[in-house]
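Undergrad: sequence and predicted model, in that order:
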Amino acid sequence: MTDQETLNRVTAVVRDQLDDDEVSLTMDTVAKAVDGWDSLAHVRIMVAIEESFGIEFRTSDISGLDNVGDLVRLIEASR
């Protein structure tokens with residue numbers, strides 16, 4: 001799976017979790033720049049991503065993420 005394909009799937013998960021079909025993510029997007037992506041939504045998004053991709057993150061893995069690109073790379077490394 002390419003980074004773009006992973007980004008597309010992450011975007012779909014975020015849109016679903018935030019109930020906002022207008023969310024547009026890039027590799028440089030940070031959570032605070034997305035309306036509704038607060039700490040509670042972050043937990044829901046991470047759990048939904050784990051389920052969607054069939055992976056499991058460690059807390060230490062996700063605490064160091066700076067942007068969506070870091071998340072995409074973590075997903076790819078975890079598969």
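TA: Looks like it arrived, so ask away. Numbers count the residues shown, from 1 in each chain.

Undergrad: thought His42 was touching Ala31?
TA: Yes - with contact defined as CB atoms under 8 Å, His42 counts as touching Ala31 (6.1 Å). C-beta coordinates here come from the backbone N, C-alpha and C atoms, glycine included.

Undergrad: contacting residues for the residue minimising distance to the centre of the chain?
TA: The centre of the chain sits closest to Val10, judged by CA atoms, centre = their mean, with a distance of 4.9 Å. Val10 is in contact with Leu25, Ile49, Val68, Leu71, Val72, Ile75, counting by CB atoms under 8 Å, 6 or more residues apart in numbering.

Undergrad: distance to Asp61 and pLDDT added to the residues you listed, as JSON lines?
TA: Shown next, in JSON lines, are these (distance: CB to CB, whole Å; pLDDT from 0 to 100):
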{"residue": "Leu25", "distance to Asp61": "19", "pLDDT": "98"}
{"residue": "Ile49", "distance to Asp61": "12", "pLDDT": "98"}
{"residue": "Val68", "distance to Asp61": "15", "pLDDT": "98"}
{"residue": "Leu71", "distance to Asp61": "10", "pLDDT": "97"}
{"residue": "Val72", "distance to Asp61": "13", "pLDDT": "98"}
{"residue": "Ile75", "distance to Asp61": "10", "pLDDT": "97"}
